[in-house]
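S.K.: mind looking at a prediction? Sequence and model below.
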Amino acid sequence: MRHLLLQILPVAVAIAVNPVPIIAAIVMTATEKPVANGIAYLTALTAVSFGFGAVVLTLFHGASPGSGTRSGHLILVLWLLFGLAFLAAFVVLLVRRPKPGEKDREPGWMRWIGRLGPLGAALVGVMLVNYEMEAPALSDILASGVSRAAALGALAIFVAVAVSTSAVPVIAYVVAPGPVGGFLGRAKVWLARYHRPILMVAFAAIGVLYTFKGASGLLH
């Protein structure tokens, strides 16, 4: 179990530092219904992240034996494809530089989130579940051969880490809306400005990790 967590938690951390869900959480606290919107967003983000993983682990548990089997080779191929996809995303961000004057401008999706009610906030939570980064971790869990209960336990820890950074601004605002409000406003501006380099680092790290895992497994 410890070895499995060491495999999947770096991916959870990469999801956690993705600035888009964090910015969305901060934006929720600046809407007309900050508490209701924040809780709806966080609940949807957490529940769907866990629900998606639980369905995958339940359906495919026991179907991924050792790396020498056909299903084991399929997992290695998926790792390689995931890694290459994230490296491609990194290259796209590297090549496509923001236009002059756009760097410090608030993205349109941030203004759109600000106009939503709790139902819309929950929809945003569903949309921002990082399915593509969660999937490689699920393949790691399936390949580990742990019991179904242990797999779901590992998934719960993974999701808790992945959503932790989005939970912090919502919980902090609920507990102390006055003192936290000004800080969250400044954090929103900073994250909107630097979300591109943060994403680039996350995509590059995940891309290198899974490309290496997939390629090395297939070559041995």
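M.R.: Received, thanks.
S.K.: got the contact list for S49?
M.R.: Residues near S49 by CB atoms under 8 Å, 6 or more residues apart in numbering: V129, N130, E134, V159, A162, V163. (C-beta placed from N, C-alpha, C; glycine too.)
S.K.: and the pLDDT at it?
M.R.: You'll see S49 listed with a pLDDT of 96.
S.K.: so it is in which element?
M.R.: Following DSSP states H and E, one finds S49 within helix 34-60.
S.K.: circling back: can you pick the most crowded of the contacts of S49?
M.R.: A162 (30 neighbours; other CB atoms under 10 Å).
S.K.: by pLDDT, rank the contacts of S49 and give me the bottom one.
M.R.: Among these, N130 has the lowest pLDDT, at 85.
S.K.: could you list the low-confidence segments of this protein?
M.R.: 62-72, 75, 98-114, 188 (pLDDT under 70).
S.K.: what sits closest to P19 if chain neighbours are left out?
M.R.: Nearest residue to P19, sequence neighbours excluded (CB to CB, 6 or more residues apart in numbering): H195, at 3.9 Å.
S.K.: surely the one you found and I23 touch.
M.R.: Yes. At 6.7 Å, H195 counts as touching I23 under the criterion of CB atoms under 8 Å.
S.K.: these two: which has the busier surroundings?
M.R.: I23 (25 against 16).
S.K.: between the longest helix anywhere in the chain and helix 34-60, how many degrees?
M.R.: Longest helix of the chain, by residue count under DSSP state H: helix 177-219. Inter-element angle recorded for helix 177-219 and helix 34-60: 20 degrees (by axes from the mean of the first three to the mean of the last three CA atoms, to 10 degrees).
S.K.: I'd like to know which elements helix 177-219 is packed against.
M.R.: helix 2-16, helix 19-28, helix 70-95, helix 131-144, helix 148-175 (3 or more CB pairs under 8 Å, 6 or more residues apart in numbering; DSSP states H and E).
S.K.: now it and helix 131-144, what's the angle there?
M.R.: Going by the same axes, to 10 degrees, helix 177-219 makes 50 degrees with helix 131-144.
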